[in-house]
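Colleague: got a structure for you, letters missing:
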């Protein structure tokens, strides 16, 4: 098994609700490292990449608030994650808001280019995160990272690593979507990305959806980066998230998805993001995230 390198990213500049910068600490308090070590893995904690706090910065362009500061953190994450790959490890990135994926996915995509293969991406989220500065009503950058990985905007994120796009639509899958604004619906429909909404999961079942997603993201690629926003889960099991939306994955659906990812052998890197301890109940969301990481990295029922 590859060593697992934990990288915390204490970033909450991408949203409009404070607190997700404490997410990495919440995961550690939940015993994430100890859980993985108990599975026989070598676990190396790289510490946290620290972002500035909003109170010390001007948000700048209202269409992409704090974009320069976010891009700097994502650039650091890109370099740190790339270094983990070069050591033979698997990056496990803890957020922090979802804008960090502009850096983490860039590193995975850059590394697998050495294998002359594209990267598959599975984006597990209640939201599409495909807004651009011109379409966003809020200017919150945590709603834009997937757009930056697929295309040119926001440019400060898309140019991380010196190449774009990081992933192609035909290798990208969204799972769990249930909250898109009207303009973003148009963007998602036009993108060519395969989308499994929560309705699709209700209809087909999470096992079928997970297997189809892996078949798409894994077809002809060097493996899969999974970027998992805890708000994809129902607030009943994950209340401490940046943007909760009722009607999400239940406990077993979330675990089944991660277990099938592990069974596939395709996982190259994993993000767990948007945990907000301020909104949580006895750290249950971070505990759930730590359990899900264990499932994604090979914990078996028997």
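Modeller: Arrived safely. Everything numeric here is computed off the predicted structure, so don't read it as measured data. Numbering: from 1, shown residues only.
Colleague: could you identify the longest helix within the protein?
Modeller: With secondary structure taken from DSSP state H, the chain has its longest helix at helix 67-86.
Colleague: could you point out the helix or strand that follows it?
Modeller: Counting by DSSP states H and E, the next helix or strand C-terminal to helix 67-86 is strand 90-95.
Colleague: who are the packing partners of whichever helix or strand comes after that next one?
Modeller: Using DSSP H and E, the helix or strand that directly follows strand 90-95 along the chain is helix 101-112. Taking 3 or more Cβ pairs under 8 Å, 6 or more residues apart in numbering; DSSP states H and E as contact, the helices and strands that helix 101-112 lies on are helix 67-86, strand 90-95, helix 145-150, strand 224-229, strand 267-273. Backbone N, C-alpha and C define where each C-beta goes, glycine included.
Colleague: residues contacting the longest helix of the chain, please?
Modeller: Residues outside helix 67-86 that contact it (Cβ atoms under 8 Å, 6 or more residues apart in numbering): 5, 7, 9, 11, 13-14, 46, 49, 51-52, 57, 60-61, 90-91, 93, 99-100, 102-104, 106-108, 110-111, 141, 154, 156-157, 160-161, 269.
Colleague: ok, stretch 156-164 next?
Modeller: By Cβ under 8 Å, 6+ apart, the residues outside stretch 156-164 that reach it are 64, 67-68, 70-71, 74-75, 78, 99, 102-103, 106-107, 109-110, 113, 141, 144-145, 148-149, 151-152, 165-166.
Colleague: which of those are buried, as a PyMOL select command?
Modeller: The buried subset of the contacts of stretch 156-164, as determined by 16 or more other Cβ atoms under 10 Å, is captured in PyMOL by this line:
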select buried, resi 64+67+70+71+74+75+78+99+102+103+106+107+109+110+141+144+145+148+149+151+166
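Colleague: just to revisit the earlier point, which of the contacts of helix 67-86 are buried?
Modeller: Buried members of the contacts of helix 67-86, counted by 16+ other Cβ under 10 Å: 5, 7, 9, 11, 13-14, 46, 49, 51, 90-91, 93, 99-100, 102-104, 106-108, 110-111, 141, 154, 156-157, 160-161, 269.
Colleague: let me know the angle separating the longest helix of the chain from strand 267-273.
Modeller: Helix 67-86 and strand 267-273 are oriented at 150 degrees to each other (axes from the mean of the first three to the mean of the last three Cα atoms, to 10 degrees).
Colleague: average pLDDT for helix 67-86?
Modeller: Over the span of helix 67-86, the pLDDT mean works out to 98.
Colleague: A strand includes residue 13, no?
Modeller: No. Inclusion of residue 13 in a strand is not indicated when DSSP: H, G, I helix; E, B strand; the rest coil is applied; the result is coil.
Colleague: nearest residue to it other than its sequence neighbours?
Modeller: In space, not counting the residues next to it along the chain, residue 13 is nearest to residue 66; the distance is 3.9 Å by Cβ to Cβ, 6 or more residues apart in numbering.
Colleague: I'd guessed the one you found sits against residue 55; true?
Modeller: No. Counting by Cβ atoms under 8 Å, residue 66 sits too far from residue 55 to count as a contact (11.5 Å).
Colleague: of the two, give the one with the bigger neighbour count.
Modeller: Neighbour totals were compared for residue 66 and residue 55, and residue 66 leads with 24 against 6 (other Cβ atoms under 10 Å).
Colleague: done for today, thanks.
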